[in-house]
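> here's my sequence, what's the structure:
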Amino acid sequence: MRYLRAFEVGQNPTVPKYELAISFVTRRNGFIIRNQMKFPHGFSSTQRIAVICPADSTAEQEAREAGASIVGEDSLLAQIKDGIVEFDRLFCHQDSVKKLQQANVGRILGPKGLMPSEKNKTIVTDVKSSLKSRAGAVDYKERDGVMRLAVGQIGFSPKQLQENIKTFMTNLKRDVEEAQEKTDKVIHEVVLSSTHGPGFPLDRTFQTEGSIEPEQLTVF
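All right, here's what the predicted structure looks like:
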């Protein structure tokens, strides 16, 4: 953390993020880990949520009240077909599933991991409760044998960052165990970096006799 903070000097401590990169030893085209979780210490996010639902419906009203950035049905699907994807997560109300399928936008949303589905719990009947339960939740997904995820802001204390990393790694190890039923998958390396900083493997190679205790690290 001392090294990474040095690379973020002069930055607003709430803007740069600590990031983890986890590489796997896994089979090409094998099972991909994908899940979501909530950190014990949340941090600012610019995540934009969109909801496909019938116009002038109760679902539309609930989506707006729940904080969705974009709400619509025909208009939203038309934007997506034109390649305008200005959101980070997409939900679809059950009543709009037929129109979603007819719009044939899977070729656009699929590669981005945004296509609503029952499996990902993004096709919903209760928009309000679904958005509320996902508030603050973070999605993570393996891509080409590597997973990258922000785990905190640079102004976090060592304890806050430690607890966020431990929580995430606990969830990830559970995912890996479940994935073993479908394909061979092993965590190879875990690297911590920051928005503007280099990466440091979390394997104790940077811990020396002169290393300070985490409690001694100055907090912003």
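
> quick check: phi and psi at the residue sitting nearest the centre point of the chain.
Centroid-nearest residue in the chain: Asp139, 3.0 Å away (criterion: CA atoms, centre = their mean). Dihedral pair for Asp139: phi -90, psi 140, per degrees, to the nearest 10.

> just the buried residues of the helix or strand hosting Arg107, please?
Using DSSP states H and E, Arg107 sits in helix 106-109. By 16 or more other CB atoms under 10 Å, the buried positions in helix 106-109 come out as Ile108, Leu109. To be clear about C-beta, it is placed using only N, CA and C from the backbone, and glycine gets the same treatment.

> so what does it touch, helix or strand wise?
Counting contacts by 3 or more CB pairs under 8 Å, 6 or more residues apart in numbering; DSSP states H and E, helix 106-109 is packed against helix 74-81.

> run the last query once more with 10 Å
helix 74-81, helix 97-103 (3 or more CB pairs under 10 Å, 6 or more residues apart in numbering; DSSP states H and E).

> is Asn12 in contact with Thr195, as I believe?
No: counting by CB atoms under 10 Å, Asn12 sits too far from Thr195 to count as a contact (11.1 Å).

> more neighbours, these two?
A count of neighbours by other CB atoms under 10 Å puts Thr195 above the other of Asn12 and Thr195, at 16 against 11.

> where in this protein is pLDDT low?
By pLDDT under 70, the weakly predicted segments of the chain are 44-47, 135, 206-207, 211-220.

> can you give me the strands for it?
Applying DSSP state E to the chain gives strands spanning 17-26, 34-37, 49-52, 70-72, 89-93, 123-124, 138-141, 146-153, 185-194, 200-201.

> now render the helices and strands packed on helix 106-109 as JSON lines, adding mean neighbour count and distance to Ala55.
Output for the helices and strands packed on helix 106-109, formatted as JSON lines (neighbours: other CB atoms under 10 Å; distance: least, CB to CB, whole Å):
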{"stretch": "helix 74-81", "mean neighbour count": "16", "distance to Ala55": "7"}
{"stretch": "helix 97-103", "mean neighbour count": "14", "distance to Ala55": "11"}
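
> could you dump those helices to a markdown table with distance to Leu172?
As requested, the helices and strands packed on helix 106-109 are arranged in a markdown table below (distance: least, CB to CB, whole Å):
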| stretch | distance to Leu172 |
| --- | --- |
| helix 74-81 | 31 |
| helix 97-103 | 31 |
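
> out of those, nearest to Gln61?
Each of the helices and strands packed on helix 106-109 has some distance to Gln61 by CB to CB; the shortest is helix 74-81, at 15.6 Å.

> what's the spacing between that closest one and its chain's center?
Counting by CA atoms, centre = their mean, to the nearest Å, helix 74-81 is centred 24 Å from the centre of its parent chain.
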